[in-house]
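# Using only what follows, build the 3D model:
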Amino acid sequence: MSNAVSALQGVSSAGFATVTEAGLRGMITLRGDHNAASLRQAVTDIVGVDMPEVRRCTRAGERAAAWMSPDELLIMVPYADAPDVVARLSAALEGMHGLAVNMSDARAVFMVEGTAEGSAREVLAKLAPVDMSRAAFTQGMFRRTRLAQAAVAFGAVGDDAFELICFRSEAQYVFDLLSMSAKSGSQVGVF
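Down below sits the predicted model:
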């Protein structure tokens, strides 16, 4: 049996912001009616976090639920817990239109953290069509977008710290983009 490894095995790059591959993370796509009491209760009871509002992510330690679309959530748990959480969510949704799928090995996760005020925001603002100002993108926000040519989702986990998720097959491309955007001397100074 092989051991699971993350896409880039913890690679890191330091410039005016630090980009680090975060390692293995349990990620579950949960599809269903967000207004259904059984789905909301499953998220609260099984995942251990509140149901997120539109473009938000609720967190409790290593567990999180992020709004992805009107009928989709991204559930994040420790990597080893993902199969059990999928089974429990599937059982809780039995009899209703819903789906829980383990997507852990199909994704890569990066942390983008500022070394100076606003620097992580600037890294992302140079690459994504998102207003990254502190007033527009606050802690707890989460959204899907593009990062150059890659489909990504990212959320603010601190004032100048962001967690970014992409397809595993695009991990090297995304890491290279983020590293280039964070290169010392390329600051624009907007934030």
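
# what about the strands in this protein?
Taking DSSP state E, the strands of the chain run over residues 12-14, 17-21, 26-32, 57-60, 63-69, 72-77, 98-102, 107-114, 142-147, 150-158, 161-167.

# counting contacts, what elements does the first one pack onto?
Where contact means 3 or more C-beta pairs under 8 Å, 6 or more residues apart in numbering; DSSP states H and E, strand 12-14 is packed against strand 17-21, helix 171-181. C-beta: built from backbone N, CA, C; applies to glycine.

# Pick the most buried one from those.
Counting by mean count of other C-beta atoms under 10 Å, strand 17-21 has the highest mean neighbour count of the helices and strands packed on strand 12-14, with a mean of 23.

# CA atoms only: put it into PDB for me.
This file holds the C-alpha atoms of strand 17-21, laid out as PDB (Å, rounded to 0.1, in the frame of the first residue of the first chain):
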ATOM      1  CA  ALA A  17       4.800  37.200   1.100                       C
ATOM      2  CA  THR A  18       5.300  33.500   1.900                       C
ATOM      3  CA  VAL A  19       3.700  30.800  -0.200                       C
ATOM      4  CA  THR A  20       3.600  27.300   1.300                       C
ATOM      5  CA  GLU A  21       1.900  24.200   0.200                       C
END
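
# ok, and what's touching it?
6-13, 108-115, 119-120, 122-123, 171, 175, 178-179, 182 (C-beta atoms under 8 Å, 6 or more residues apart in numbering).

# how far off helix 171-181 does it point, in degrees?
Relative orientation of strand 17-21 versus helix 171-181 (axes from the mean of the first three to the mean of the last three C-alpha atoms, to 10 degrees): 170 degrees.
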